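Participant: For reference, the sequence and a predicted model appear below.
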Amino acid sequence: MSLRDAYKQKAKAELELAHARLVEFKAKAKSFTADTHLKYAKHVDELEHGIESAKARLKELGEAGEDAWEKVKDGMESALGTLRDAVRNTAEKFKD
């Protein structure tokens with residue numbers, strides 16, 4: 001397995017984990033009152049946006065040639081970092 005393929009698998013796994021957490025947060029939010037649900041909706045929306053952004057970067061990574069994937073990798077790292085922050089922030093808000 002090439003370094004590129006291994007990196008793609010790692011990024012995909014991280015995306016799947018973030019999506020699983022999103023589903024968890026959405027399920028929890030359903031049990032909240034309307035006012036509380038609105039309070040958390042912003043954080044869930046940010047997480048969804050982060051997932052979509054990371055998916056787009058992963059697609060770019062998959063389409064990049066062998067010589068260009070290192071450049072695309074930087075964008076993927078940035079998207080994953082943002083996604084990690086969104087998951088962490090949303091989890092903290094749901095603890096409150």
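Facilitator: Now that the structure is in, tell me what you want to look at.
Participant: Lys12 reaches Leu58, doesn't it?
Facilitator: Yes - counting by CB atoms under 8 Å, Leu58 is a contact partner of Lys12 at 6.4 Å. The C-beta positions use only the backbone N, C-alpha and C, and glycine is treated the same way.
Participant: more neighbours, the two?
Facilitator: Remark: of Lys12 and Leu58, Leu58 carries more neighbours, 19 against 15, as counted by other CB atoms under 10 Å.
Participant: mind checking pLDDT for that one?
Facilitator: Per-residue pLDDT puts Leu58 at 90.
Participant: and the gap between it and Leu38?
Facilitator: Here the criterion is CB to CB, to the nearest Å. By it, Leu58 lies 31 Å from Leu38.
Participant: do Leu22 as well
Facilitator: 17 Å.
Participant: Could you pull up the residues touching Lys55?
Facilitator: For Lys55, the contact set (CB atoms under 8 Å, 6 or more residues apart in numbering) comprises Leu15.
Participant: What helix or strand is it located in?
Facilitator: Using DSSP states H and E, Lys55 falls within helix 34-63.
Participant: and that helix, which residues are buried?
Facilitator: 40, 43-44, 46-48, 50-51, 53-55, 57-58, 60-61 (16 or more other CB atoms under 10 Å).
Participant: contacting residues for the most centrally placed residue in the chain?
Facilitator: Nearest to the mean C-alpha position of the chain, by CA atoms, centre = their mean, lies Ile51 at 3.4 Å. Counting by CB under 8 Å, 6+ apart, Ile51 touches 15, 18-19, 22, 83.
Participant: Could you report the neighbour count for the residue nearest to Ala54 when sequence neighbours are not counted?
Facilitator: The spatially closest residue to Ala54, leaving aside those adjacent along the chain, is Ala79, at 4.3 Å (CB to CB, 6 or more residues apart in numbering). Neighbours of Ala79 under the rule other CB under 10 Å: 23.
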